[in-house]
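Student: Need coordinates for the following:
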Amino acid sequence: MSAFPDPRLLSIHDYTYQLPASRIAPEPLPDRDQSRLLVYRGGEVQDHVFTDLPGELPADALLVFNNTKVVRARLFCQKPTGGAVELFCLEPVAPHRSVELAMQQTGSCVWKCLVGNGKRWKTGPVQVAFSWQESDALLTAERLEAADGYSLIQFSWQPAAVPFAEVLRAAGHLPLPPYLNRADTDVDAVRYQTVYAAHEGAVAAPTAGLHFSNAVFADLKNRGIATAELTLHVGAGTFQPVKAAHMEGHAMHGEPISVNAALLHHLLRHAPRPIIAVGTTSLRTLESLYWLGARLLLQPATNLTALHVTQWQPYEDGPAVTTEEALQALLAHLERTGSDTLEATTQLLIAPGYTFRLIRGLITNFHQPESTLLLLVAALVGPDWRRIYDHALAHDYRFLSYGDSSLLLP
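Tutor: As a prediction, the model looks like this:
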């Protein structure tokens with residue numbers, strides 16, 4: 001029997017702490033691997049520098065990274081009257097819902113967006129002028145409909161042959177976390193991406209990976225520590241505050257994940273040696289793999305074209321399957337469908353009371369009070385989360401996206 005209550009009954013107010021504004025890192029350090037590293041191992045807390053990480057990992061660990069790449073998703077548009085409207089691209093709607101395909105779309109597309117100064121935008125298009133291959137180019141946006149705080153925006157552009165990914169690169173701005181409250185800079189263009197970012201689609205960085213440098217990767221390789229990659233395109237929901245009194249009233253955001261068969265085989269081969277997630281997004285993806293495989297085994301009638309992990313799936317009653325069985329079920333699904341890549345979505349909420357199925361440790365930054373990310377940390381380390389955060393505050397660690405790092409090995 002679990003010692004934890006039903007996660008639906010948890011109050012987010014029990015997962016808070018005082019975070020002075022002065023402790024939020026406003027800028028990245030000059031060298032990304034010189035951040036501090038808090039190591040929590042078996043109840044003990046130690047202070048290190050991030051370059052120490054390879055020597056602090058279990059020798060037989062597998063590190064799993066999220067290789068998503070942040071897109072320039074903020075667009076500052078002008079109305080014909082000269083007024084400004086800000087559009088924040090969240091996810092594609094048409095003609096493709098796949099982020100990868102939407103980024104290659106030419107001519108026009110529809111995205112779900114947040115709209116700044118939206119009340120001043122009554123009718124008609126807004127535009128962004130930009131330069132493409134040293135020539136003038138133009139992006140036009142029209143609002144189709146608005147609901148639930150979002151708007152569906154029809155984008156069209158000239159030259160029409162330019163892929164939407166290139167339009168955003170030329171016309172957009174990096175979507176820095178709102179709490180930084182500043183415009184993006186040329187430094188952010190480099191430092192708000194991981195050195196291994198590969199697949200465009202995130203509107204927020206997988207910040208645990210921002211500390212890794214080529215030198216740290218070389219040290220990992222020299223020590224024989226295995227690495228692997230997956231893709232979860234981080235959505236704006238990662239900044240969504242928990243406003244409900246209890247977690248049952250909070251709707252977890254959904255995010256697309258992409259995992260190839262090679263990683264599934266790697267995970268199977270590596271067990272039972274420790275798998276360590278680099279960041280909460282990698283962790284949520286890895287744990288979601290178990291629940292996707294379990295759903296295929298326990299509910300064979302699952303719509304195979306719409307694989308999805310619901311928010312509360314891990315906490316619902318039902319017979320358990322082993323991690324190996326779940327991963328084998330995913331590989332069998334890929335074989336049946338003739339695909340090499342598993343595409344799915346996840347709303348997985350990891351909170352105290354959750355039983356981890358794949359991961360044994362986590363590399364992560366220090367998260368905001370009363371956030372679902374802090375709940376995830378508490379699920380992994382238990383009540384010691386408070387001791388870890390008290391230590392970080394007392395020893396001048398830097399917090400949030402551009403802040404310092406931790407290695408949690410419970």
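
Student: Let me see the contact set for the closest residue to residue 224 other than its chain neighbours.
Tutor: Closest residue in space to residue 224, ignoring its immediate chain neighbours: residue 59 at 7.2 Å, by Cβ to Cβ, 6 or more residues apart in numbering. Placement of C-beta: from N, CA and C, glycine included. Contact analysis of residue 59 by Cβ atoms under 8 Å, 6 or more residues apart in numbering lists 223, 224, 225.

Student: Quick one: buried ones out of these?
Tutor: The neighbour count (16 or more other Cβ atoms under 10 Å) marks residue 225 as buried among the contacts of residue 59.

Student: low-scoring stretches of the protein, by residue?
Tutor: Scanning the chain for pLDDT under 70 picks out 1-5, 118, 237-240, 301-305, 317.

Student: hang on, residue 230 in a strand?
Tutor: Yes: according to DSSP: H, G, I helix; E, B strand; the rest coil, the state of residue 230 is that of a strand.

Student: now the strands for the stretch 101-250 of the chain?
Tutor: 108-116, 126-132, 135-147, 150-158, 199-202, 226-232 (DSSP state E, counting those that start in this stretch).

Student: which helices and strands does the last one pack with?
Tutor: To tie it back to what came earlier, the one meant is strand 226-232. Packing partners of strand 226-232 (3 or more Cβ pairs under 8 Å, 6 or more residues apart in numbering; DSSP states H and E): strand 62-66, strand 255-260, helix 261-270, helix 280-298.

Student: for these, which one sits closest to residue 121?
Tutor: Closest approach to residue 121 among the helices and strands packed on strand 226-232 is made by strand 255-260 (27.9 Å; Cβ to Cβ).

Student: Kindly calculate the angle that the closest one makes with strand 226-232.
Tutor: 140 degrees (axes from the mean of the first three to the mean of the last three Cα atoms, to 10 degrees).

Student: Let me know the angle separating strand 255-260 from strand 62-66.
Tutor: 130 degrees.

Student: Tell me what angle strand 255-260 forms with helix 261-270.
Tutor: Using the same axes, to 10 degrees: strand 255-260 against helix 261-270 is 70 degrees.

Student: What pairs with strand 255-260, parallel or antiparallel?
Tutor: With DSSP bridges as the test, strand 255-260 is paired with strand 226-232 (antiparallel), strand 341-346 (antiparallel).

Student: In the stretch 301-410 of the chain, mark out all the helices, start to finish.
Tutor: 323-337, 372-381, 384-394 (DSSP state H, counting those that start in this stretch).

Student: Report how many residues lie close to residue 26.
Tutor: Residues lying near residue 26 (other Cβ atoms under 10 Å) number 15.

Student: And for the one 4 residues further on?
Tutor: Residue 30 is flanked by 8 other residues according to other Cβ under 10 Å.

Student: and of the helices and strands packed on strand 226-232, who's closest to residue 203?
Tutor: Closest among the helices and strands packed on strand 226-232, using Cβ to Cβ: strand 255-260, at 10.2 Å.

Student: For the closest one, buried residues please.
Tutor: 255, 256, 257, 258, 259, 260.

Student: rewinding a little: as TSV, the strands paired with strand 255-260 with distance to residue 92 would be great.
Tutor: Below are the strands paired with strand 255-260 laid out as TSV (distance: least, Cβ to Cβ, whole Å):
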stretch	distance to residue 92
strand 226-232	15
strand 341-346	13
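
Student: Tell me which of those strands is the most buried.
Tutor: strand 226-232 (a mean of 22; mean count of other Cβ atoms under 10 Å).

Student: three-state assignment of the residue nearest to residue 224?
Tutor: Residue 59 - assigned by three-state DSSP - is coil.

Student: I would like the residues contacting stretch 36-46, please.
Tutor: Against stretch 36-46 from outside (Cβ under 8 Å, 6+ apart): 47-50, 52-53, 56, 211, 381, 384, 387-388, 391-392, 397-398, 404-410.

Student: Whichever of those residues end up buried, select them in PyMOL.
Tutor: A single PyMOL command selects the buried members of those (16+ other Cβ under 10 Å):
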select buried, resi 48+50+52+53+211+381+384+388+391+392+397+398+404+405+406+407+408+409
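
Student: Who are the contact partners of the spatially most central residue of the chain?
Tutor: Centrality entry for the chain: nearest residue to the mean C-alpha point is residue 234, 3.3 Å, by Cα atoms, centre = their mean. For residue 234, the contact set (Cβ under 8 Å, 6+ apart) comprises 66, 68, 70, 202, 203, 204, 205, 206, 255, 281.
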